[in-house]
Structure formats: structure tokens, C-alpha cells
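Q: pasting the sequence and the predicted model now:
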Amino acid sequence: MVLPGLWLLLLLLLLLLLVAGARWLRGRRKVSNLRLPPLAPGFLHFLQPNLPIHLLGLSRKLGPIYRIRMGLQDVVVLNSNSAIKEALIKKWADFAGRPPIPYEKLELDLSLGDYSSTWRTHKKLSRSALMLGMRGSMEPLVEQLTQEFCEHMRAQAGTPVDIHKEFSLLTCGIICCLTFGDKDVTLVHTVHSCVQDLMQAWSHWSVQILDIMPFLRFLPNPGLWKLKRFQEHRDHIVRQQLKLHKDSLVAGQWNDMIDYMLQGMEQLREDKGEGQLHEGHVHMSVVDLFIGGTETTATTLSWAVAFLLHHPEIQKRLQEELDLKLGPSDSGSQILYKNRAQLPLLTATIAEVLRLRPAVPLALPHRTTRASSISGYDVPKDTIIIPNIQGANLDETVWELPSQFWPDRFLEPGRSPRSLSFGCGARVCLGEPLAQLELFVILARLLQAFTLLPPADGALPSLKPQSYAGVNLLIHPFRVRLQPRRPAPRDQGQSP
């Protein structure tokens with residue numbers, strides 16, 4: 001028996017094909033004189049379970065730049081380092097736009113909002129809050145919360161733990177402290193639960209399909225309704241924090257990013273310059289930090305643990321490097337992030353994890369703000385561009401043995417430890433400096449204090465990502481045993 005919903009979906013797909021055919025005929029007449037990238041056959045590419053790798057596979061037949069059909073329009077996919085850098089760095093102004101999102105008003109959103117003078121001002125304020133407002137407190141805060149995390153893990157020593165959940169709570173706590181100035185456990189768990197709900201709802205097929213068939217937003221959609229309820233809950237939490245901060249704000253002083261941005265917003269109003277901001281921009285900056293700064297970093301940390309479980313010889317070398325530079329975990333020694341070159345293997349390992357498993361493997365879609373070109377191909381205005389970051393990170397013309405986990409590649413002279421995993425150009429990830437700091441400090445302290453071991457049954461985590469849905473490249477759930485490398489200090493009531 002065929003369910004009524006399935007019949008409706010089949011009818012909608014038929015309608016989509018008819019409308020797409022009509023648009024294709026009209027569009028063909030308009031672009032007949034242009035040299036467009038080759039078109040990949042088929043309509044169902046976005047249903048592939050490992051989409052970034054599927055798109056990379058198409059490049060072997062069509063070249064690094066080609067078009068695929070997404071609903072009623074063609075999108076251009078970039079699969080190589082050179083193509084992505086040409087578009088997003090060399091010709092950044094042509095490719096800095098964002099496609100419209102049909103199911104939420106995101107003109108105030110830094111990640112998804114379109115390029116404009118107001119967007120530039122908004123990004124400048126948010127980046128200033130992160131890099132200048134929190135400059136003196138960011139690293140000590142990450143260090144402190146990571147030490148508390150290690151103490152929490154020591155209390156569970158020998159017991160297999162869901163390490164991704166623990167990392168997720170840690171990164172959420174860091175963002176709460178930086179943004180709200182508060183690490184209250186109840187608040188952290190409330191925000192963490194909200195972020196998890198949003199990510200799950202966003203990745204549901206009933207929401208994802210709206211990117212391909214936006215006209216479906218006019219039909220009843222329980223998945224979209226659920227997403228909107230979670231967004232309302234998210235906004236309620238942020239509004240409460242904004243009110244608390246406005247009530248306690250002291251001119252010229254700030255304790256966290258909200259304080260800094262509220263005062264920066266007022267200063268912009270007084271200056272009456274281009275791109276005026278209001279409280280809604282501060283609100284969405286907070287949302288961006290939580291959505292983009294918790295799960296992505298936690299997932300990258302989880303991938304790092306998974307790779308080290310598969311490669312204990314690299315874990316041993318990392319611990320030897322840490323012991324040489326930092327000594328025992330209870331020695332109180334600290335290596336500043338600015339001196340990270342003193343831990344070259346750790347820096348290289350982080351770079352290799354980011355290369356192989358970028359948290360956002362297809363980046364976020366771009367849109368051309370005017371007619372342009374890439375590698376000799378014409379790209380009309382308002383074309384959607386998908387940078388296949390994971391594909392570029394596996395580019396055989398750039399990387400030797402690209403699919404192999406080999407941190408030593410970044411120890412070679414002249415090899416930069418930075419891949420495209422955080423994007424590049426005008427739309428480079430705002431939180432990259434914080435994420436890099438967290439990865440460095442958390443992995444250093446974790447490996448200094450513990451040896452990572454599989455559960456008693458010896459089961460190793462899968463290195464194959466979950467089926468691609470939504471934005472993030474997710475890891476399959478796994479557990480790890482954290483074996484303390486040294487006994488707990490005396491002040492914790494245990495023998496040395």
C-alpha cells in the first residue's frame with residue numbers, strides 16, 4: 001500500500017520536473033552565448049549519502065568545475081583548491097553573496113545573510129568583540145575550563161565515555177562564558193539542549209528539501225513547524241541574556257561579548273556611519289556563535305580522538321612531545337597558543353584532522369553578486385556556488401596520498417598547516433581563531449593527562465562519516481576509555 005504522503009511527494013516531483021523543463025528552455029535561450037561549466041547528468045545528486053565525495057567523483061569525469069541541478073536551478077560546484085581560491089579570494093567581491101533562504105528571515109544573520117554594507121559592519125563588530133574584547137581573557141578561560149573538563153574525565157577514569165557529548169558540553173560552556181559571562185551549569189545545559197534540537201531539526205529531510213523545492217514551504221510541514229518552535233526557544237534564551245546585560249551595562253566596561261557588542265552598536269549609532277546596526281544584529285551574532293561554534297569544534301575534537309585510536313603510534317609521539325615541552329599534567333606548566341610552533345606534531349595533527357574531516361565539508365553556498373568567471377568559464381549573476389571543501393582537501397594535485405591520515409605531511413618545510421576547512425575570503429569562518437585555540441588547548445591537555453584507549457572489547461570507532469544531511473560532517477557515536485597517565489595530585493585526596 002502506498003502512503004498518501006508518498007503519492008503527494010511523487011506528484012510534487014513530477015511538477016518539479018515540468019517546471020524545471022520550462023525554466024531550462026527559457027534559461028537556455030538566455031545563456032546560449034556563454035561558455036558555462038559542463039552539466040552533470042541527473043537530478044538526484046543531493047540524495048547521495050556521502051555527497052562531498054560523490055561530488056569529488058564527478059570532477060574526475062567533468063573537471064574541477066561543473067554544474068549540477070538543484071531543484072529548479074543549476075548550481076556550480078568547485079572541487080579544487082585553485083578554483084575555490086580564484087572565486088573566494090581573487091574574485092571575492094563577485095562571489096560574496098548568499099542565496100535567499102525561503103523559510104526564515106535571515107537578513108541579520110552573519111553566516112547566511114546576504115553581502116551588504118550593513119553585513120560588513122556587523123561582521124566587523126562581531127569579529128572585534130571576539131578578537132579584541134575577549135583578547136585578554138579567551139585563552140585563560142579555555143585553559144581553565146579544559147582543566148575542569150580533565151578533572152571531570154579523571155573521575156570517570158577507565159569507564160568508556162561518550163566523548164562527543166563531553167566535548168559538546170565543553171565547547172558550549174566556553175561559548176557561554178565568552179558570550180554571556182556565565183558558566184552556570186544549568187544555563188550551559190539549557191543552551192546545549194537547544195543547539196542539539198536546532199541541529200537535528202535543521203537536518204531533517206522535510207526542512208532540507210526546501211532548499212531544492214522552495215515552493216513546498218506553502219504546504220503543511222511538521223518538520224518546519226518543529227524547527228520554528230526551537231528557533232523561538234533559542235530566541236527567548238538570547239533575549240533574556242540581552243535584557244540582563246542591558247540592565248547591568250556600565251559604559252566603557254565589558255565582561256563578555258554581549259557587553260562589548262551592545263556598546264559598539266551604540267557607538268556606531270552616534271557616529272551615524274554607513275551600515276547601521278541595532279539590537280537584532282547583536283542577537284544574531286550570539287546565535288551564530290552558538291550554532292557555528294559548539295558542534296563544529298566538538299565534532300572535530302571527536303574526529304581527532306577517533307583517528308588517534310586508530311593510530312596509537314601517533315598518539316605516543318604526541319605524548320612524548322607534550323612531556324618534553326610541558327612535563328606532567330600536574331606540573332602547572334603552560335604553553336601559550338602564540339608559541340604553538342613549539343609543539344609541531346600537535347599542530348600538524350590538528351591540521352590533518354581538519355583537512356580530512358572538515359566540519360562543514362561543502363561550506364555554505366555562495367551567490368554571485370554580478371556576472372563573473374572561473375577558470376575561463378562564464379558564471380552569470382545570481383548563480384549559486386558550492387565550494388566542495390572536503391573535495392579540495394583531497395585534491396591529488398595538492399596533497400600526496402590525500403585520503404591517508406598522515407600528520408607528518410605538515411612537518412615538511414614550506415607546508416602551511418592551514419587548509420580550506422574554515423573557508424576563505426570575505427566569508428571565512430568568523431570563529432576560526434577561537435576554534436583553533438580550543439583544538440590546540442583541549443587536545444594538548446587531554447593527551448597530557450590521559451592515554452586514549454578503545455573500550456574493553458577493543459572496538460574502534462568508524463572513520464566513515466554519517467550519511468551527509470544538513471551542513472555538518474557528523475561522526476558515528478563511539479566510546480573511549482581515558483586512562484590517566486599519572487595518579488591524581490594529593491590535593492584531590494588520592495595517593496601520588
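A: Right, received. Where do you want to start?

Q: show me the beta-bridge partners of the nearest residue to residue 386 once chain neighbours are set aside.
A: What sits nearest to residue 386 in space, not counting adjacent residues and going by CB to CB, 6 or more residues apart in numbering, is residue 77, at 4.8 Å. All C-beta spots, glycine's among them, are computed from the backbone N, C-alpha and C. Per DSSP bridges, the residues bridged to residue 77 are residue 66, residue 386.

Q: where does the protein dip in pLDDT?
A: 1-13, 15-32, 102-107, 212-215, 271-275, 328-332, 469, 487-496 (pLDDT under 70).

Q: can you give the domain ranges for it?
A: Following automatic domain parsing, one finds the domains of the chain at 1-33, 34-492.

Q: okay, those, which one's buried deepest?
A: Of all these, domain 34-492 has the most neighbours on average by mean count of other CB atoms under 10 Å, namely a mean of 18.

Q: distance from the chain centre to that domain, please.
A: 2 Å (CA atoms, centre = their mean, to the nearest Å).

Q: so residue 372 is in contact with residue 94, correct?
A: Yes: contact criterion CB atoms under 8 Å: residue 372 and residue 94 qualify, at 3.8 Å.

Q: which neighbours do those two share?
A: Taking CB atoms under 8 Å, 6 or more residues apart in numbering as the contact rule, residue 372 and residue 94 both touch 87, 379.

Q: would you mind pulling the contact partners of stretch 195-203?
A: Contact with stretch 195-203 is made by 168, 172, 207-208, 223, 226-227, 230-231, 233-234, 290-291, 294-295, 469-472, as judged by CB under 8 Å, 6+ apart.

Q: re earlier: quickly note the distance from the residue nearest to residue 386 to residue 237.
A: Using CB to CB, to the nearest Å, residue 77 is found at 37 Å from residue 237.

Q: do a quick rundown of the helices in the stretch 301-450 of the chain.
A: Ranges of helices within the stretch 301-450 of the chain are 312-326, 344-356, 389-393, 432-449, based on DSSP state H, counting those that start in this stretch.

Q: now the angle between helix 312-326 and the second one, please.
A: Compare the direction of helix 344-356 with that of helix 312-326 by axes from the mean of the first three to the mean of the last three CA atoms, to 10 degrees and you get 140 degrees.

Q: likewise for the last one?
A: Using the same axes, to 10 degrees, the interaxial angle of helix 432-449 with respect to helix 312-326 works out to 100 degrees.

Q: now for the following helix or strand past helix 432-449, which elements pack on it?
A: Downstream of helix 432-449, the first helix or strand assigned by DSSP states H and E is strand 450-453. Strand 450-453 sits against helix 138-154, helix 295-310, helix 312-326, strand 479-484, with contacts defined as 3 or more CB pairs under 8 Å, 6 or more residues apart in numbering; DSSP states H and E.

Q: swap in 6 Å and give it another go.
A: For strand 450-453, the packing partners by 3 or more CB pairs under 6 Å, 6 or more residues apart in numbering; DSSP states H and E come out as helix 295-310, strand 479-484.

Q: just give the nearest non-adjacent residue to residue 252, would you?
A: Residue 252 sits nearest to residue 263 (CB to CB, 6+ apart), 7.7 Å away.

Q: thank you, goodbye.
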